[in-house]
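> starting from these lines, generate the structure:
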Amino acid sequence: MIKSKFAISVHILTLLSSSEDWLSSEYIAGSLNTNPAIVRKELSGLRQAGLVESKEGKNGGSRLSKPAAEIKLADVFAAVKEDHVFGFSPNLPNPKCPVGAHINNALETLFTAIDESVYNKLKGQTLAEFSAQFA
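Predicted coordinates:
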């Protein structure tokens, strides 16, 4: 499940979109009211997805790797999505039960459709459009 990773990543990217400077993980963490180590972990994933670039050193930090108008919120969703939006029960269903034997397959189909729906909704909004409300 995505849990808060999407919200944290959108927060980070929105903050980066508001600045042309390199922003430190400490500065970003201050906005998120969290630990810089958490920010660095999320930045790592965003960097792997090609959404941010970072540099080390005294004047280092992170910034967007491309204009906010070229980043769709669906790109962020894809970068942080590890599994379905909704999760399965931690207990394996009873295979001898007529429902339990097939519930996870049916849920897999439903969850895939939900994920696609969320992705398609997020394809319609850029980071620039989202960030405009904070200008």
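
> once you drop chain neighbours, what's closest to Arg47?
Among residues not flanking Arg47 along the chain, Ser54 sits closest, at 5.9 Å (C-beta to C-beta, 6 or more residues apart in numbering). Yep, even glycine has a C-beta here, placed from its N, CA and C like the rest.

> C-alpha coordinates for the host helix or strand of the one you found, CSV please?
When elements are defined using DSSP states H and E, Ser54 is found to belong to strand 52-55. The C-alpha coordinates for strand 52-55 follow below in CSV (Å, rounded to 0.1, in the frame of the first residue of the first chain):
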residue,chain,number,x,y,z
VAL,A,52,14.5,15.1,-8.9
GLU,A,53,18.2,15.6,-9.0
SER,A,54,20.5,16.1,-6.1
LYS,A,55,24.0,17.3,-5.4
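
> can you list contacts of the helix or strand that it is followed by?
Sequence order places strand 61-64 as the next helix or strand after strand 52-55, per DSSP H and E. For strand 61-64, the external contacting residues (C-beta atoms under 8 Å, 6 or more residues apart in numbering) are 13, 16-17, 19-25, 27-28, 43, 47, 51-55, 71, 127.

> just these: which are in helices?
Members of those lying in helices (criterion: DSSP state H): 13, 16-17, 25, 27-28, 43, 47, 127.

> top helix in this protein by residue count?
Longest helix of the chain, by residue count under DSSP H: helix 103-122.

> what is it packed up against?
With contacts defined as 3 or more C-beta pairs under 8 Å, 6 or more residues apart in numbering; DSSP states H and E, the packing partners of helix 103-122 are helix 73-80.

> the helix it packs on to helix 103-122, inter-axis angle?
On the basis of axes from the mean of the first three to the mean of the last three C-alpha atoms, to 10 degrees, helix 73-80 is oriented at 140 degrees to helix 103-122.
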